[in-house]
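**Q** how does the following fold in three dimensions:
(chains A and B)
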Amino acid sequence: MKKMNVRVQRFDPGQDEKPHFQTYLVEVNEGARVLHVLHAIHDEVDPTLSYRWCCGSGQCGSCAVRVNGEPVLACMEEARDAMTIEPLKLPVKKDLVVDLEPALDALSHLEPTDSAAMPTRDEVELIKPLRSCIGCLACVSVCPAMDVTSFAGPTAMRQDLRLALDPRDTKDRVSDAVSKGLFTCTSCQACWKVCPKDIQIPGKAIEKLRSLAHKKGLTLPRHQEVAKLVRETGRSVSRTEPTFMEQVGEVIEPYGPVKATVGFFVGCMYNQRLPQTALDAIEVLRRNGIRVIIPKEQVCCGSPLIRTGQWDFIDTLKRRNIDAFAFRNIDTVLTMCAGCGSTLKHDYRTPFRVIDINELLTRYGIEPPARLPLRATYHDPCHLLRGQGIRDQPRELITQVVDLVEMPSVCCGSGGGVRSGVPEEAAALAEKRREEIEKTGADIVISSCPFCEFHIMEHTDRPVKNVTTLLLEGYREKDRKKAKKAV
Amino acid sequence: MYVYDPPYNKMRSAEVLDCHVLVIGSGGAGVRAAIEASGYGETILVSKTLTGKGGCTTMAEGGYNAVLREQDSCEIHFEDTMKGGAYLNDPDLVRILVDEAPMRIGDLLHWGAVFDVTDCCEVAQRPFGGQRFPRTCYAGDRTGHEMMATLVERLAGAEVKVMNEVTALDLLKDGDRVIGAVGLDEKSELMAIRADSTVLATGGGTRIYDISTNSSSGTGDGFAIGYRAGAELIDMEMVQFHPTGAVYPYDARGRLITEAVRGEGGILRNSLGERFMSRYDPERMELSTRDVVSRAIATEILEGRCTAHGGVFLDVTHLPRQQIEEKLPVMLEQFLKFGVDIREEPMEVAPTAHHMMGGLRITPNCETTVIGLFACGEVAGGVHGANRLGGNALADTQVFGKRAGETAGKAKKKSGRIDQKALDAQETRLSAFFEGEVQPSTVARSLRTAMWEGAGIFRTAKELEKTLGVITHLSSLRVKAFGQSNLAECCILQNMLTTASLVVKGALIRKESRGAHVRKDVTQTWDPQTSPYGHSYQSLTRTGIETVVRA
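**A** Sure thing, here's the model as predicted:
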């Protein structure tokens, strides 16, 4: 047996004005789950604690709660000392019991005909991964789009695709999904990352539904324009100034000895819209011994098309990009755009390794920059944090220059084609970011994704900078101090 | 520490609803009954949990038995089921089960169920214990979940009023006739539902045991509620111990490890590495019936050939990884969560209380012995005899769920009147809990331990008498509600105590070893087919065991 001290959120709407925390000391066995801690509280300490559970084996989805802020199934998550247990971010009925019924009731159901053929084995294999949903609604509880729009939510989209793929169903699920907000999903992947059944809703359900919508001509006009631009120019955004690639040579040597050589996949945003940020990054790479090769024939990675379901031109883009690096025998391709990085890592089958700039710099180590007297907060780009699992590396870099104040990791609204397709939603999500930034009291906002940077810039009065720009400012300060000393 | 709520003593006027068919229970049988009944009139389904989440159907992993191939036949399925059930099954019910199981899986497929299929677009089938043909249809190892998902979707399209998180307390009667039920709604307020027909589909009750596969709702409520309403129950001593329950982590002990693991080729070994089933059933080995495999494992453990966590090994590491990933994904995922990769190392397993073969006595149309009351699924007895075959329970839920819904639906409209006195009596019962002394969870824990030790896999009259003594003592304790939300828990505890006493009394009445029921203190000269005994029976008015006159 082992003792555990845990904090549990209590709330009885009949009696309490607002939720409060209560701390309990309980004894459980080795390997106990969060659910067993709740049982121990209820059975030994406080029988008035309400929580929901049924199967106790991860199959019914009754017991999802938040442990230290993260949604988990109480019956499967190992209990830890000093954990905080809260209800999912859904309307609370009492203590840890939340209202699941509205979202579950809203799921579509199959409407059969008498003559329908059974699904084939291939169809069954397509449907099965969408079928393991246990309706715990962890996904719904974290979906940012549902906070600001009437989006029906991740699992509703999963269900609509499941029905769309089934020959026994008679309804037009794709049009339904569009009217339920298919294009409001920002691809932030929060739903997938909290899904206890690991259902990849953004990639496997939403993008697939969007591709079916594309075949029906339901793609949003603004997304069609982006696709047209990619087809005509190889780029998903127009240029507003000389591009990054026009300003640099094909090979950039570092100032000191070469620690590593990488090919640089620039991405449309940094090349066409934020070239100065890419130039800053190059300067940081040069100071840290990274030799950079920039094949000029590279084009858009295709992410804006994949996310919006316009898949017909993707293979061409992939081939052009892979060839650009493969012909030069480059074994490592560097990305600094979170979206490009995630796309190259997951949607491509590349003959080379793909590495994000935060990974690269922390792996090889950097020359220490000078500290700046600023307080910064960091916005986690969805495609970096959830798309590539990169959380600590940017923080390790940032804290070498400034003090960091954390804020919750939530989508800024610029992804998944939402900024172009549903601008009012993108603005509403960015406004929520502004509020969080405000709460931190930070002087500047740091991020590591051109879409996030560009979008947040429009919604906050604080300067928004890329991690590498911040590093470069640290280096410049260092140089200034050194020069001063020399005088 | 908790805050004492003042005793709740104001008399409430219960909300009263009216319908044609009331279904109590939201597992596979209850939802199927409600879908069927809704074709005949206004139907209400009450669920102690959230429909689709509670009950054991959604946890059922392995499969659904149905004769679908030309090489198979309903006659063989009938024989397998009777033999597996040690010939205690009601042959009429078994005949219906095997004949109608294929049609009922047809309903599920029509409504969108996604079972695994063969290359020829036929529903795939796997071998299960005690069956001479691989007739267990499946959706990976989440078959029950697939069925529930399908049923809940269908329910959403049916005209059924679903009332979630309502705990039925008792049936209401007008004379000899059941006319609905009284319960606690989600705010723990008393409510009543008047109905022309009432269907009990509350599932089983093996949570009366320390080690059990059942969900939170497997507390035997239907057995106790039916018993109090005067219904007769049969074969309550017949408790199936599933051979393979998890032993680690300790607090999650009993969690079901599906029979599909053995169906896919899993091998049982003791701590000496011996494939011990060769000593117990050399012909069928791991795919013997559950009663035999459970006793074999229990014997290995009792004789000390057990693992560090007190189980035996169940091994699939010799199977191709892809087969494990595709056919047993839930098992793989669960064990990974608990730190074991079943592709690389064996599982540790031990028997766990799983299924109640006994229950309310029903006719082929699911009528109980009380007018107006119908039963289907695990709460009903007679279909599975003394031991259920794996894969027959899911089929049972659909076959008899449909029948119960249909019979209940076809019953005539009645104008029964709810007796205010019955509601007042419930009020008094509930109010008393605020004056109680003992926490329900404390009583439940004592009950579970006593049942596991005294009414488990191996039984003697002496141990059973002792267990009955414990149950009697526990039943005399005054359980306490610490707040309104604890009222249901107090009532459920009483149901558990009633169910446990029915199991123990049945076990005392049946002085023979048969199927899952083993009396070590009885020596018998007969085998199941020549047993002089039929069903054991218990009701408010009579208790005993049927004797069979053989030619």
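**Q** what residue ranges in the stretch 451-551 of chain B score low on pLDDT?
**A** Within the stretch 451-551 of chain B, the stretches with pLDDT under 70 are B:550-551.
**Q** oh, that last question was meant for chain A, not what I typed.
**A** Ranges of chain A meeting pLDDT under 70: none found.
**Q** can you pull the phi/psi pair for the closest residue to chain B within it?
**A** When scored by CB to the nearest CB, chain A has residue A:31 as its residue closest to chain B, at 2.9 Å. Quick note: C-beta positions are derived from backbone N, CA and C, even for glycine. Note on residue A:31: its backbone torsions stand at phi 80, psi 10 [degrees, to the nearest 10].
**Q** then residue A:164?
**A** phi -60, psi -30.
**Q** and for the closest residue to the residue of chain A closest to chain B other than its chain neighbours, the neighbour number?
**A** Nearest-residue entry for residue A:31: residue B:249, 2.9 Å, with adjacent residues in sequence omitted and distances by CB to CB, 6 or more residues apart in numbering or on different chains. Look at residue B:249: counted by other CB atoms under 10 Å in any protein chain shown, it has 20 neighbours.
**Q** between the two ends of stretch A:454-474, how far is it?
**A** 22 Å (CA to CA, to the nearest Å).
**Q** ditto for stretch A:28-36
**A** Note: stretch A:28-36 ends 7 Å apart using CA to CA.
**Q** and the chain, what are its domains?
**A** By default, I'm working from chain A. What automatic domain parsing lists as the domains of chain A is A:2-99, A:104-215, A:237-363, A:366-486.
**Q** sorry, should have said chain B
**A** B:245-354, B:420-542.
**Q** same list, these, but as TSV with distance to residue A:220 please.
**A** Shown next, in TSV, are the domains of chain B (distance: least, CB to CB, whole Å):
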stretch	distance to residue A:220
domain B:245-354	36
domain B:420-542	48
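**Q** right, and those - which one's nearest residue B:38?
**A** Nearest to residue B:38 among those is domain B:420-542 (26.4 Å), distances taken as CB to CB.
**Q** how far is that closest one from where the chain is centred?
**A** Computed by CA atoms, centre = their mean, to the nearest Å, the chain-centroid distance of domain B:420-542 equals 15 Å.
**Q** returning to that earlier point: would you turn the domains of chain A into TSV with mean neighbour count?
**A** Output for the domains of chain A, formatted as TSV (neighbours: other CB atoms under 10 Å in any protein chain shown):
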stretch	mean neighbour count
domain A:2-99	19
domain A:104-215	21
domain A:237-363	20
domain A:366-486	20
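**Q** which ones are touching the spatially closest residue to residue B:507 that is not a sequence neighbour?
**A** Distances taken as CB to CB, 6+ apart put residue B:237 closest to residue B:507, at 3.8 Å, once the chain neighbours are dropped. The contact partners of residue B:237, taken as CB atoms under 8 Å, 6 or more residues apart in numbering or on different chains, are B:358, B:503-504, B:506-507, B:509-510, B:517, B:536.
**Q** for residue A:480, give its distance to residue A:471.
**A** According to CB to CB, to the nearest Å, residue A:480 stands 15 Å off from residue A:471.
**Q** quick one: which of the domains of chain B is nearest residue A:52?
**A** Judged by CB to CB, the one of these that comes nearest to residue A:52 is domain B:420-542, at 11.8 Å.
**Q** for the residue nearest to residue B:460 when sequence neighbours are not counted, give its distance to chain A.
**A** In this structure, residue B:460 finds its nearest non-sequential neighbour in residue B:521, 4.1 Å apart by CB to CB, 6+ apart. Between residue B:521 and chain A the computed distance is 34 Å (CB to the nearest CB, to the nearest Å).
**Q** what of residue B:142?
**A** In terms of CB to the nearest CB, residue B:142 sits 7 Å off from chain A.
**Q** tell me the pLDDT at the closest residue to that residue other than its chain neighbours?
**A** Leaving out its chain neighbours, the residue that sits closest to residue B:142 by CB to CB, 6+ apart is residue B:330, at 5.2 Å. pLDDT recorded at residue B:330 is 88.
**Q** quick check, residue B:340 in contact with residue B:347.
**A** Yes - Residue B:340 is within contact range of residue B:347, at 6.5 Å (criterion: CB atoms under 8 Å).
**Q** of these two, which one has the most company?
**A** Ranked by neighbour count (other CB under 10 Å), residue B:340 and residue B:347 place residue B:347 first, with 25 against 17.
**Q** quick check on the more buried one: phi, psi?
**A** Torsion angles, degrees, to the nearest 10, at residue B:347: phi -90, psi 160.
**Q** contacting residues for the residue of the stretch 301-450 of chain B found nearest chain A?
**A** Relative to chain A, the nearest point of the stretch 301-450 of chain B is residue B:441 (3.8 Å; CB to the nearest CB). Listed by CB under 8 Å, 6+ apart, the contact set of residue B:441 reads A:42-43, A:47, B:489.
**Q** which of the residues you listed fall within helices?
**A** residue B:489 (DSSP state H).
**Q** now tabulate the contacts of residue B:441 in CSV and tack on distance to residue B:397.
**A** Listed next are those as CSV, based on distance: CB to CB, whole Å:
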residue, distance to residue B:397
A:42, 30
A:43, 31
A:47, 33
B:489, 26
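**Q** for the closest residue to residue A:394 other than its chain neighbours, give its distance to residue B:514.
**A** Sequence neighbours aside, residue A:358 is the residue nearest to residue A:394 in space, at 4.6 Å (criterion: CB to CB, 6+ apart). For residue A:358, the distance to residue B:514 equals 68 Å [CB to CB].
**Q** cool, residue B:214 as well?
**A** 23 Å.
**Q** do residue B:67 as well
**A** Distance from residue B:67 to residue B:514, by CB to CB: 26 Å.
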